[in-house]
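Q: Prediction below, plus the sequence it came from.
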Amino acid sequence: MTNILIRYGELTLKGQNKKLFITKLIRNIKVKLNYFKDKIEYIKDTKSLIISLNDSNQLDKVLGILKNIFGIYSLSVIEVVNNNEEEILAKTLEIAKNLTPGTFKIEVKRVEKSFKIGSQELKILIASNILTHTNHLKVNVKEPDHLINVVLKKMGTQIFIDRIKGLKGLPVGTSGTALSLLSGGIDSPVASFLSMKRGLTVSYIHFMTPPHTSEKALDKVFKLVEKLQKYNTNDFQFFVCDFSDILTELMHIKNESYRITIMRRMFVKIANIICQQNSFNCLLTGESLGQVASQTIESINTINCVSNLPIIRPLITMDKEEIIDISKSIDTYETSILPFDDVCSMYVPKSPVTKPKIFVAENQEEGLLLNELIKHTINNKIKTYVWKDGELVEKEKS
Ligand code: ATP
Ligand code: MG
């Protein structure tokens with residue numbers, strides 16, 4: 001039997017909501033570990049959860065999954081013994097014997113106060129026992145190579161060495177739902193990840209314009225959704241919108257420099273309707289201030305004003321380098337840089353407006369059949385995918 005201790009971290013600060021958050025976190029963990037369900041037992045403690053795994057060969061896989069779940073502060077593989085001196089001494093010695101040569105320190109915490117030996121005394125007992133029966137370890141209380149932690153609790157004494165960092169943040173699903181405008185680029189997957197970190201369940205919408213954009217560009221977005229799935233909950237949707245009819249209509253815009261701005265306004269309008277239909281709480285994009293012409297504050301304003309819902313922009317103040325670092329750490333970078341355009345390059349103007357004005361955008365849209373085409377696109381040109389048995393499958397129409 002291998003035991004993993006999961007610490008909740010920030011959640012413990014949440015007062016009233018604490019119970020709700022912990023319940024959600026445990027549910028998220030159970031869903032992600034569903035494959036191992038016959039091998040796992042869950043034991044709840046006040047500030048932590050213990051996962052008892054009866055197949056130690058699966059330990060690395062289980063830890064790998066847990067490391068990607070938001071709301072987990074840290075993890076330790078622990079040994080559990082009864083609250084008695086002999087068992088504690090024996091187990092700590094066994095652990096010490098397996099350590100690489102160097103220095104160590106013992107840390108004792110008595111959550112269960114009824115234990116008859118004090119912390120200080122127990123520390124000395126454990127350390128002398130180790131020093132007597134090994135010859136590759138020395139004590140160093142300031143900068144030890146190995147820290148052996150002993151925590152006495154009512155349910156037993158927990159002994160562990162390493163604390164593995166969790167992703168922290170809030171459990172996905174505790175802050176509501178967002179619809180992420182997902183291109184095939186570097187930024188929007190990172191923005192999606194960061195929104196999950198603050199507890200949003202993230203659904204996605206991708207706009208494609210076949211035949212101008214290739215099948216490969218779409219494959220890339222599917223891949224990104226799959227890669228992000230280890231952080232998300234399973235109850236999300238992925239909308240793929242064929243935007244071609246609207247794009248063709250937008251070719252009639254007189255002021256070419258407004259094309260991108262107006263295309264983005266259409267994206268946001270469609271996304272708003274999808275949100276309404278599915279009761280999503282907000283939109284989210286990968287915009288970063290000043291990164292490209294369409295990401296000035298004037299441009300953001302001209303696009304923003306067609307939205308009835310808040311648009312979350314987690315990357316707004318980030319440098320590209322910071323975004324790339326996150327993208328690499330969440331394993332979306334290599335997919336994002338594959339060279340397939342997500343917007344028809346024919347459509348992109350030579351010099352897009354950098355400081356668009358709302359009234360100019362509105363004027364340009366006048367006389368075009370945009371509202372009708374939006375309706376038509378929503379009703380006929382969107383395919384919806386859901387996550388089922390570990391893959392994206394098209395949702396049956398209800
Ligand atoms: P990204 O790296 O996310 O593609 P970007 O730096 O290329 O971003 P833009 O092309 O200006 O920036 O796009 C800004 C945001 O608009 C994107 O982050 C994304 O949220 C949204 N977006 C752009 N193109 C699409 C698309 N084809 N489908 C869905 N959303 C899109
Ligand atoms: Mg892009």
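A: Received the coordinates, thanks. Ligands and ions are numbered 1, 2, ... in the order given.
Q: Check what contacts stretch 386-396 and list those residues.
A: Stretch 386-396 is contacted from outside by 222, 225, 226, 229, 234, 235, 236, 237, 238, 383, 384, 385, using C-beta atoms under 8 Å, 6 or more residues apart in numbering. The way it works is simple: take the backbone N, C-alpha and C, and place the C-beta from them, glycine included.
Q: Neighbours of the residue of the chain found nearest ligand 1, how many?
A: Closest residue of the chain to ligand 1, C-beta to the nearest ligand atom: residue 185 (2.2 Å). Using other C-beta atoms under 10 Å, residue 185 is surrounded by 18 other residues.
Q: Might you report the residue contacts of the closest residue to it other than its chain neighbours?
A: Setting aside the residues directly before and after it, residue 185 is nearest to residue 336 in space (C-beta to C-beta, 6 or more residues apart in numbering), at 5.8 Å. Remark: with contacts taken as C-beta under 8 Å, 6+ apart, residue 336 is in contact with 184, 185, 186, 189, 220, 224, 327.
Q: can you name the two of the residues you listed that are farthest apart?
A: 220 and 327 (13.7 Å; C-beta to C-beta).
Q: Okay, strands next: where are they in the stretch 1-150 of the chain?
A: 2-7, 40-44, 48-53, 74-81, 102-110, 137-139, 146-153 (DSSP state E, counting those that start in this stretch).
Q: Contacts made by the third one with the rest, please.
A: In this case it means strand 48-53. 1-8, 25-26, 29, 33, 36, 39-44, 59, 62, 66, 78, 80.
Q: Quick check: buried residues in the biggest helix by length in the chain?
A: Scanning the chain for the helix with the most residues, using DSSP state H, yields helix 259-278. Buried residues in helix 259-278, counted by 16 or more other C-beta atoms under 10 Å: 259-272, 274-275.
Q: Farthest-apart pair in the residues you listed, please.
A: 259 and 275 (24.5 Å).
Q: Helices of the stretch 101-250 of the chain, residue ranges please.
A: 119-133, 187-197, 215-228, 244-250 (DSSP state H, counting those that start in this stretch).
Q: Repeat that for the stretch 251-398 of the chain.
A: So, for the stretch 251-398 of the chain - with DSSP H, counting those that start in this stretch - the helices run 259-278, 297-304, 320-329, 333-336, 358-365, 370-380.
Q: between the ones you listed, which one is nearest to residue 168?
A: Closest of those to residue 168 is helix 320-329, at 13.5 Å (criterion: C-beta to C-beta).
Q: and the closest one with helix 187-197, angle?
A: 70 degrees (axes from the mean of the first three to the mean of the last three C-alpha atoms, to 10 degrees).
Q: quick one: average confidence on helix 320-329?
A: For helix 320-329, mean pLDDT is 97.
Q: Tabulate the CA atom coordinates of that helix in CSV.
A: The C-alpha trace of helix 320-329 is given here as CSV (Å, rounded to 0.1, in the frame of the first residue of the first chain):
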residue,chain,number,x,y,z
LYS,A,320,5.8,37.4,-25.0
GLU,A,321,8.7,35.7,-23.3
GLU,A,322,6.7,35.1,-20.1
ILE,A,323,3.8,33.7,-22.1
ILE,A,324,6.2,31.4,-24.0
ASP,A,325,7.7,30.1,-20.7
ILE,A,326,4.2,29.1,-19.5
SER,A,327,3.3,27.6,-22.8
LYS,A,328,6.4,25.4,-22.6
SER,A,329,5.7,24.4,-19.1
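Q: Please tell me how far it is from the chain's geometric centre.
A: 14 Å (C-alpha atoms, centre = their mean, to the nearest Å).
Q: What is that helix packed up against?
A: Judged by 3 or more C-beta pairs under 8 Å, 6 or more residues apart in numbering; DSSP states H and E, the packing partners of helix 320-329 are helix 187-197, helix 333-336.
Q: quick revisit: can you redo the helices of the stretch 251-398 of the chain as a markdown table with distance to residue 194?
A: Formatted as a markdown table, these follow (distance: least, C-beta to C-beta, whole Å):
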| stretch | distance to residue 194 |
| --- | --- |
| helix 259-278 | 18 |
| helix 297-304 | 18 |
| helix 320-329 | 7 |
| helix 333-336 | 15 |
| helix 358-365 | 28 |
| helix 370-380 | 28 |
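Q: how close does the residue nearest to residue 185 get to residue 291?
A: 14 Å (C-beta to C-beta, to the nearest Å).
Q: How about residue 251?
A: Taken as C-beta to C-beta, the span from residue 251 to residue 291 is 26 Å.
Q: more crowded one of the two?
A: Regarding residue 251 and residue 291, a neighbour count based on other C-beta under 10 Å identifies residue 291 as having more, with 17 against 12.
Q: Now do the more buried one against residue 108, distance only.
A: 52 Å.
Q: again, but for residue 130
A: The value you get for residue 130 to residue 108, if C-beta to C-beta is used, is 13 Å.
Q: now do residue 260
A: Using C-beta to C-beta, we find residue 260 at a distance of 62 Å from residue 108.
Q: Where do the domain boundaries of the protein fall?
A: The domain map for the chain lists 2-165, 177-394, with the assignment taken from the TED database.
Q: Can the longest helix of the chain be said to contact ligand 2?
A: No: using C-beta under 5 Å from the ion, we find that helix 259-278 stays clear of ligand 2, coming within 10.8 Å at best.
Q: Mind putting the domains of the chain into a markdown table with distance to residue 171?
A: Output for those, formatted as a markdown table (distance: least, C-beta to C-beta, whole Å):
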| stretch | distance to residue 171 |
| --- | --- |
| domain 2-165 | 4 |
| domain 177-394 | 6 |
